[in-house]
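Undergrad: Need a 3D model of the sequence below.
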Amino acid sequence: MRVVAQDKENKDLKKRIKYLEIIKADYERIRHDLGERVKELNCLYGIAKLIEESGSFPDKVLSSTVDLIPPSWQYPEVTEARIIYKESIFSTKTFRKSKWFQKENIYANKEKIGEVLVYYTKKMPQSDEGPFLKEERALINGIAERLGRFAERENALAMLEDSRSLLRDKNRDLKAKNIALRELVAQFELEKRDVAIRVSTNAQQILLPVVERLSSKGIAKEYIKILKDNIKSLTSNFGPRMTNPQFRLSAREIQVANMIKSGFSSKQIAEALALSFQTIESYRKNIRKKLGITTQGVNLSSFLRSL
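TA: Predicted coordinates for the structure are as follows:
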């Protein structure tokens, strides 16, 4: 009986030892897996920190990122890494290629701009993807994705700076054009005043003396007066205002309006133009209507002179 009991105790002890060995193996596996995940998180965090601290210096970000890769893989002592970014290549110090590698493309705005490559320089135990873990595949994908977003940010910042530079250039051009325009307007005003002075001088010194001599040649005094008035107002706005299409004045109505402005009565206008008094009165009504003078209290002659 004592021997049987001893055998039973030995069997139970062996079972407990086997169970503890299983628990220990599970513990070691979990601890190993957690360690690998910590390395992966440290890698991604390190890249994020590099991007934040390095700002707009891609070379610094990429050269430091390539050094973060080997410690994050399962066998760091035989791991080498390389990042190809546009026209640049960044590699670990002892980099060399082998037939055991992982690769993931870097995309920015759906365009391939580079690659992330991880090599094992020695043959290692078979795993999910050759000697590489499936978690390492996820990690290299995550690295490539973050570098792609970094490139997109750099592109956006470059475009923003280009836009700002273009806007600054346009603002400078606009200021220069405004200055030139002001100078041109000032020059135009000077030339306009000069033209007005020359026209007025010529009218006063040359034309009016000739008209004065004509008045003694038997020409109707009414026409002489109109001619004098028109010569004196050569630089006025009366002509352009009267011929404005919005008023739709006929040539005869403009002629009558000009005589009214010069102070002629309807009777005098009728005699000068060989028309009836009623016709001139009709012209006056049409002129008032077309010029928008609806109030009877407004003197037509004064209104025309104000133009």
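Undergrad: which element is the most centrally placed residue in the chain on?
TA: In the chain, the C-alpha nearest the mean C-alpha coordinate belongs to Ser163, at 6.5 Å (CA atoms, centre = their mean). Per DSSP states H and E, Ser163 falls inside helix 134-202.
Undergrad: Let me see the mean pLDDT of that helix.
TA: Averaged across helix 134-202, the pLDDT comes to 83.
Undergrad: other SSEs contacting it?
TA: When contacts are defined as 3 or more CB pairs under 8 Å, 6 or more residues apart in numbering; DSSP states H and E, helix 134-202 sits against helix 2-54, helix 58-68, strand 79-85, strand 100-108, strand 111-120. In short, each C-beta sits where N, CA and C put it, glycine included.
Undergrad: Contact partners for Asn109?
TA: Listed by CB atoms under 8 Å, 6 or more residues apart in numbering, the contact set of Asn109 reads Glu152, Asn155.
Undergrad: Next one: it, what pLDDT does it get?
TA: Note for Asn109: predicted pLDDT of 89.
Undergrad: Unless I misread the structure, Met259 falls within a strand.
TA: No. Met259: not assigned to a strand; according to DSSP: H, G, I helix; E, B strand; the rest coil it is helix.
Undergrad: Which residue comes closest to it once chain neighbours are left out?
TA: For Met259, ignoring the flanking residues on the chain, the nearest one in space by CB to CB, 6 or more residues apart in numbering is Ile269 at 4.9 Å.
Undergrad: What residues of the helix or strand harbouring the one you found count as buried?
TA: Following DSSP H and E, one finds Ile269 within helix 266-273. For helix 266-273, a neighbour-count test (16 or more other CB atoms under 10 Å) marks Ser266, Gln268, Ile269, Ala270, Ala272, Leu273 as buried.
Undergrad: List the residues that contact the residue nearest to Met259.
TA: Val256, Met259, Ile260, Leu275, Ile280.
Undergrad: Report the lowest-confidence entry in the residues you listed.
TA: Among these, Met259 carries the lowest pLDDT, at 82.
Undergrad: what about it, how many neighbours?
TA: By other CB atoms under 10 Å, the residues close to Met259 number 25.
Undergrad: Check whether it really touches Glu271, as I assumed.
TA: No. Met259 is not in contact with Glu271 according to CB atoms under 8 Å; the separation is 10.9 Å.
Undergrad: Helix or strand with the lowest mean pLDDT in this structure?
TA: None of the helices or strands of the chain scores lower by mean pLDDT, DSSP states H and E than helix 208-214, at a mean of 58.
Undergrad: Could you identify the helix or strand that succeeds the helix holding Ile269?
TA: helix 277-291.
Undergrad: ok so, going back, against Phe150, how distant is the residue nearest to the centre of the chain?
TA: Between Ser163 and Phe150 the computed distance is 20 Å (CB to CB, to the nearest Å).
Undergrad: How about Val116?
TA: As judged by CB to CB, Val116 and Phe150 stand 12 Å apart.
Undergrad: swap in Cys43?
TA: Distance from Cys43 to Phe150, by CB to CB: 15 Å.
Undergrad: One more: Pro76?
TA: 24 Å.
Undergrad: quick one: which of the two has more around it?
TA: Phe150 (23 against 11).
Undergrad: can you pull the contacts of the spatially closest residue to the more buried one that is not a sequence neighbour?
TA: Leaving out its chain neighbours, the residue that sits closest to Phe150 by CB to CB, 6+ apart is Ile51, at 5.3 Å. If you count contacts by CB under 8 Å, 6+ apart, Ile51 has them with Val61, Arg146, Phe150.
Undergrad: Return the member of the residues you listed nearest to Gln296.
TA: Gln296 has its nearest neighbour among the contacts of Ile51 in Phe150, at 81.9 Å by CB to CB.
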